[in-house]
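Participant: Could you work out the structure for the sequence below:
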Amino acid sequence: MVVVALGLAACASRPPESAPARPAGARVVVLGTAQDGGLPQPGCACVRCERARREPAFARLVACAAVVGRGAPGDDGVPPVHLLDAGPDLPRQLDRLAARGLARPGRNPVSGVLLTHAHVGHYVGLAAFGRETMGSRAMPVWGTARMEAFLRSNGPWDLLARLGHVEIRRLEPGVAVDLLGGVRVEPVPVPHRDEYTDTVGFVVRGPKRSVLYLPDLDSWDRGWSAARSPEDLLASVDVALVDGTFFAAESAGEETPGRARAEIPHPPMLETAERFGPAFRGGSRQLLFIHLNHSNPAADPASPERARLRALGADVAEDGLEIPLE
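Facilitator: Predicted coordinates for the structure are as follows:
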């Protein structure tokens, strides 16, 4: 596997005095576990959305993760941190990183962003780096060739690049990017609705452990490269964070009222857990779901749906989860 080196400059400003002590070591921090609309979802008055409005602890931010490298390359003592996706909840997610002492104040709070694809919940947060908000300086933003072309040829994203707020860099499927801090990230092509760009997941490999970040896909059976099956992909990692948009095929009417499931063909949680869960049961490996739709009953930790997943060797990731890479 080819490895491409990525060098990033650190900001010189110091983190807030109130920031807690930072644990050492490379890790992945789960910053959001909801589908693109979040939980609660705007305009929805379902039981789960209303509960999330009453109980902030039940709410979920839009799917996103942070890859934290080991060590502190800058005078500020903040380790390198790269985001996997930048959705509409990016400002709050940066605040949560800052509360952990993992984001710098100022124009460039993180070291870079790697994008999976161009659906609303995965890239619109790039707007926060523009001149109307943070006014970032050459924030590295990584995407596939189609993602790069989309950003450079469509507003307002092209303006971010032309004014130097972001620096768009190319990801090649199957070619790992060597991030500062002893962590590599490999983009893996996956089948998904590709109206504007193609879609990738990310395999994050640290000194000792690995994590798959795969928030969106259409099917485990169709559209995969013959060179790498889903079984091979999941077998290669210690923790798999995978698409959990919907719970079950038989609950399609309840989870997508007024819409045909064929319009949004995500593999149901139950099917994924039945297929892959046994390989993760009983050990240090974990199969965890992210990207839950607001209608997904498994969002409730006390639900019978969550209990069914656990019995199959899977579970749901919670916002704020930290996964060590060493």
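Participant: Can you give me the separation between residue 138 and residue 63?
Facilitator: Taking C-beta to C-beta, to the nearest Å as the criterion, residue 138 is separated from residue 63 by 26 Å. For every residue, glycine as well, the C-beta is placed using N, CA and C.
Participant: between these two, which one's more packed in?
Facilitator: Of the pair residue 138 and residue 63, residue 63 is the one with more neighbours under other C-beta atoms under 10 Å, namely 32 against 16.
Participant: That one against residue 289, yeah?
Facilitator: No: here residue 63 lies out of contact with residue 289, judged by C-beta atoms under 8 Å, at a distance of 10.4 Å.
Participant: Return every residue with contacts to both of the two.
Facilitator: residue 33 (C-beta atoms under 8 Å, 6 or more residues apart in numbering).
Participant: if I've got this straight, residue 234 is in a helix?
Facilitator: Yes: secondary structure assignment places residue 234 in a helix (DSSP: H, G, I helix; E, B strand; the rest coil).
Participant: From what I see, it and residue 212 are in contact.
Facilitator: Yes: with the criterion set as C-beta under 8 Å, residue 234 and residue 212 qualify as a contacting pair; they are 6.7 Å apart.
Participant: list residues touching both of those two?
Facilitator: Contact criterion C-beta under 8 Å, 6+ apart; residues shared by residue 234 and residue 212: 240, 242.
Participant: Can you give me the buried ones in stretch 163-170?
Facilitator: Residues of stretch 163-170 classed as buried: 165-169 (neighbour count, 16 or more other C-beta atoms under 10 Å).
Participant: Restricted to strands, list the residues you listed.
Facilitator: For these, membership in strands holds for 166-169, with DSSP state E as the criterion.
Participant: Any chance of TSV for those residues, columns pLDDT and distance to residue 55?
Facilitator: Formatted as TSV, these follow (pLDDT from 0 to 100; distance: C-beta to C-beta, whole Å):
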residue	pLDDT	distance to residue 55
166	98	36
167	97	40
168	97	39
169	97	40
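Participant: With distance to residue 274 added, can I get the residues you listed in TSV?
Facilitator: Rendered in TSV, the data for these read as follows (distance: C-beta to C-beta, whole Å):
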residue	distance to residue 274
166	41
167	43
168	40
169	39
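Participant: lowest-pLDDT helix or strand in this protein?
Facilitator: Of the helices and strands making up the chain, the lowest-confidence element is strand 3-5, at a mean of 40, by mean pLDDT, DSSP states H and E.
Participant: Any chance you could list what contacts the helix or strand that comes right after that strand?
Facilitator: Beyond strand 3-5 on the C-terminal side, the first helix or strand identified by DSSP states H and E is strand 27-32. Residues from elsewhere that reach strand 27-32, judged by C-beta under 8 Å, 6+ apart: 38, 60-68, 83, 87, 89, 93, 96-97, 100, 102, 204, 206, 211, 213, 239, 241, 290, 317-326.
Participant: Which neighbouring elements make contact with the helix or strand harbouring residue 279?
Facilitator: Using DSSP H and E, residue 279 falls within helix 269-280. For helix 269-280, the packing partners by 3 or more C-beta pairs under 8 Å, 6 or more residues apart in numbering; DSSP states H and E come out as helix 230-235, strand 239-243, strand 286-290, helix 304-311.
Participant: same thing but at 6 Å, please
Facilitator: In this structure, helix 269-280 packs against strand 286-290, with contacts taken as 3 or more C-beta pairs under 6 Å, 6 or more residues apart in numbering; DSSP states H and E.
Participant: If we go by neighbour counts, what in the strand it packs on is buried?
Facilitator: Along strand 286-290, the positions that meet the burial threshold by neighbour count (16+ other C-beta under 10 Å) are 286-290.
Participant: And the helices in this structure?
Facilitator: Taking DSSP state H as the criterion, the chain contains helices spanning 47-54, 90-99, 120-123, 145-153, 157-162, 230-235, 252-255, 269-280, 304-311.
Participant: Residue 174: which of the ones you listed is closest?
Facilitator: Within the helices of the chain, the stretch nearest residue 174 is helix 230-235; the backing value is 11.7 Å (C-beta to C-beta).
Participant: Off-centre distance for that closest one?
Facilitator: Taking C-alpha atoms, centre = their mean, to the nearest Å, one finds the center of helix 230-235 at 19 Å from the center of the full chain.
Participant: try stretch 172-186
Facilitator: Per C-alpha atoms, centre = their mean, the centroid offset for stretch 172-186 relative to its chain is 15 Å.
Participant: Likewise for stretch 77-97?
Facilitator: Average the C-alpha atoms of stretch 77-97, do the same for its chain, and the two points are 10 Å apart (C-alpha atoms, centre = their mean).
Participant: got it, and stretch 286-294?
Facilitator: Offset of stretch 286-294 from its chain centre (C-alpha atoms, centre = their mean): 11 Å.
Participant: Now do the contacts for the residue nearest the centre of the chain.
Facilitator: Centroid-nearest residue in the chain: residue 64, 3.2 Å away (criterion: C-alpha atoms, centre = their mean). The contact partners of residue 64, by C-beta atoms under 6 Å, 6 or more residues apart in numbering, come to 31-32, 85, 87, 93.
Participant: top of those residues by neighbour count?
Facilitator: With neighbours taken as other C-beta under 10 Å, the top of the contacts of residue 64 is residue 32, carrying 28 neighbours.
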